[in-house]
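*Asks:* coords please:
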Amino acid sequence: MSGWNKDEVTKEIREGENWLHITVWNRMVFLLRWLVLSGITGAVLGVVGSVFGICVNYVTGIRALHPWILLGLPLGGIAIVFLYQWEKKQEKKSSTNLVLDAIHAGTEIPVKTAPLIFASTVLTHFFGGSAGREGAALQLGGSIGNFLGKLFPVDDEDRRIVIMCGMSAAFSALFGTPIAAAIFSMEVASVGIMQYAALVPCVASSVTASWIAGRFGLAAEHFELGVIPAFDMLNAGKVLVLGLACAAVSILFCVVLHRTEDLFRKWFPNPFLRAAAAGVTVILLTILVGNSDYLGAGMDIVERAMAGKVFAGAFLLKMLFTAVTLAGGFKGGEIVPTFFIGAAFGCLMSGVLQIAPSLGTACGMAAVFCGVTNCPITALLISFEMFGYEGAPFFLIAVAVSYMQSGYYGLYHSQKIVYSKVRPEKINRSIR
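*Replies:* Numbering: from 1, shown residues only. Okay, the predicted model is just below:
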């Protein structure tokens, strides 16, 4: 179906008809076509994402009321591994990397990935694993988007756009950031370029999903930034230093995640034993720390960081808890923990640099997110949607510096670095 536009225009030009009229008409039909397809995708993922978010919030609330549930974390990990026996090669096929591979090369995403990641992420949060929600959102969106792409009258190239629509819709439904969600799926696959052909479809699906999530009562994440200092050379310089430090933190987080995963696979080749060992480790770490701040996603810590009330080493502890949880095979994601880490580190650096904790927290969160995802535009838009536009110049500096200085590290091995971060040249390399 994607070839009809080009063929009709070519035919009319050859026959001497009004080619401008035909081109405009075809573009309007093309626009309406994508609005319908992406609207359907956004509606489906809006409902699924909302139900998923409600389930995660519900089980998290139960665990908060009954802290002893954490003791069942090893059993929860074993249950997740058992569920994934349904899917062959589960350690690769049910990851966010497979979704990125589908965008790059059109590889298949099994539709059963959706119920698997839904159930396993809910189990992870119920028992107290340190993980986020967006990994599940991207996999839900990618899997269901791939399924819908097969039902729609589109070719393989357009099916990739439907997959991106699904990713944007699920991300938007869970976080309430439709602008950032629309851009994220276009930006995350290939660093240095964006698939602008997906712009209208991703925007339509993201906005639709956000509206539906609102009808389900899911509130958007938003924090009050408070009084913003004057944008002068001194304050700009302080935020630049913060951006440099956040780049280092983002590299550290990526290295810790990947090395911990490698170590757990080496020490515990059996996935059941690996999950149990990770669960026991998280329980012991929680007992040593003496509180449950590092369990679950941890978005409540961002609010505390805004007020300057976070333990100085909180960002390091969250790295450790998250790395162990995900290395054990528990499901969820790394982005919400990234928000925690960036916010806690920004709060710490605000005292060192003598800037407002709220500004340090906001800049730190955006900068670390940018460093681990290599998505500067998305990071900037998330900071706008979560903290408002008043701190825009500071957000811009922190994100830009972190992007340049974070090197070629990242959360997702299937992400491709197409263009260099420091020179206008193609490099086509993989993430470290």
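*Asks:* C-alpha only now, for contacts and for neighbours.
*Replies:* Noted.
*Asks:* so where do the strands sit in this structure?
*Replies:* In the chain, the strands defined using DSSP state E lie at 190-191, 416-419, 426-430.
*Asks:* contact partners of the longest one?
*Replies:* Looking back up the chat, that one is strand 426-430. Tyr408, His413, Ser414, Gln415, Lys416, Ile417, Val418, Tyr419, Ser420 (CA atoms under 8 Å, 6 or more residues apart in numbering).
*Asks:* so what's the first one closest to, chain neighbours aside?
*Replies:* Taking CA to CA, 6 or more residues apart in numbering, and ignoring the residues beside it in sequence, Tyr408 has Ile431 as its nearest neighbour in space, at 5.6 Å.
*Asks:* Got phi/psi on the one you found?
*Replies:* As for Ile431, its main-chain torsions (degrees, to the nearest 10) stand at phi -70, psi 140.
*Asks:* these two touch, right, it and Gly407?
*Replies:* No. The criterion here is CA atoms under 8 Å, and Ile431 misses it with Gly407 at 9.3 Å.
*Asks:* quick one: which of the two has more around it?
*Replies:* Gly407 (20 against 17; other CA atoms under 10 Å).
*Asks:* dump the residue contacts of that one.
*Replies:* Contacts of Gly407 by CA under 8 Å, 6+ apart are Ile251, Lys421.
*Asks:* Dump the strands of the chain into CSV; add mean neighbour count, distance to Lys238 and mean pLDDT as well.
*Replies:* Output for these, formatted as CSV (neighbours: other CA atoms under 10 Å; distance: least, CA to CA, whole Å; pLDDT from 0 to 100):
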stretch, mean neighbour count, distance to Lys238, mean pLDDT
strand 190-191, 23, 27, 86
strand 416-419, 20, 29, 87
strand 426-430, 14, 32, 84
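*Asks:* Pro271: which of these is closest?
*Replies:* strand 426-430 (26.7 Å; CA to CA).
*Asks:* Spell out which strands sit alongside that closest one in the sheet and which way each one runs.
*Replies:* strand 416-419 (antiparallel) (DSSP bridges).
*Asks:* Low-confidence ranges, the stretch 101-250 of the chain, go.
*Replies:* Applying pLDDT under 70 to the stretch 101-250 of the chain picks out residues 104-107.
*Asks:* May I have the residues that are in contact with the closest residue in space to Gly135 that isn't next to it in sequence?
*Replies:* In this structure, Gly135 finds its nearest non-sequential neighbour in Gly333, 3.9 Å apart by CA to CA, 6+ apart. Counting by CA under 8 Å, 6+ apart, Gly333 makes contact with Ala131, Gly132, Arg133, Glu134, Gly135, Ala136.
*Asks:* Same question for Ile417.
*Replies:* Ser190, Val191, Gly192, Tyr408, Ile427, Asn428, Arg429, Ser430, Ile431.
*Asks:* just checking, Phe216 touches Phe52?
*Replies:* No. Counting by CA under 8 Å, Phe216 does not reach Phe52; the two are 11.1 Å apart.
*Asks:* neighbour-wise, which of these two wins?
*Replies:* More crowded of Phe216 and Phe52, by other CA under 10 Å: Phe52, with 24 against 16.
*Asks:* Quick check, the more buried one in contact with Ile117.
*Replies:* No. With contact defined as CA under 8 Å, Phe52 and Ile117 do not form a contacting pair (10.1 Å).
*Asks:* quick one: Ala119 from Ser350, how far?
*Replies:* Distance, Ala119 to Ser350, using CA to CA, to the nearest Å: 39 Å.
*Asks:* What count of nearby residues applies to the closest residue to Gln415 other than its chain neighbours?
*Replies:* Spatial nearest neighbour of Gln415, excluding adjacent residues (CA to CA, 6+ apart): Ala189 at 5.2 Å. Residues near Ala189, counting by other CA under 10 Å, number 28.
*Asks:* repeat for Glu334
*Replies:* Counted with other CA under 10 Å, Glu334 comes out at 28.
*Asks:* pLDDT value on it, please?
*Replies:* At Glu334, the pLDDT value in this model is 87.
*Asks:* OK, contacts around the closest residue to Glu390 other than its chain neighbours?
*Replies:* Distance criterion CA to CA, 6+ apart; nearest residue to Glu390, sequence neighbours excluded, is Ile228 at 7.1 Å. Contact analysis of Ile228 by CA under 8 Å, 6+ apart lists Ala356, Leu359, Glu390, Gly391.
*Asks:* Please check those residues and keep the buried ones.
*Replies:* Ala356, Leu359, Gly391 (16 or more other CA atoms under 10 Å).
*Asks:* got these as TSV, with distance to Asp101 and pLDDT columns?
*Replies:* Below are the buried ones among the contacts of Ile228 laid out as TSV (distance: CA to CA, whole Å; pLDDT from 0 to 100):
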residue	distance to Asp101	pLDDT
Ala356	41	94
Leu359	36	96
Gly391	36	94
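*Asks:* With respect to Thr322, which of the residues you listed is nearest?
*Replies:* Leu359 (25.0 Å).
*Asks:* ok, now which ones touch the closest residue to the closest one other than its chain neighbours?
*Replies:* Computed as CA to CA, 6+ apart, the closest residue to Leu359 that is not its neighbour in sequence is Leu225, at 6.6 Å. When contacts are counted by CA under 8 Å, 6+ apart, Leu225 touches Met306, Ser358, Leu359, Ala362, Phe387, Gly388.
*Asks:* Okay, the third one and Gly351: tell me how far apart.
*Replies:* Put plainly, it is Leu359. 11 Å.
*Asks:* Nice, that's everything, thank you.
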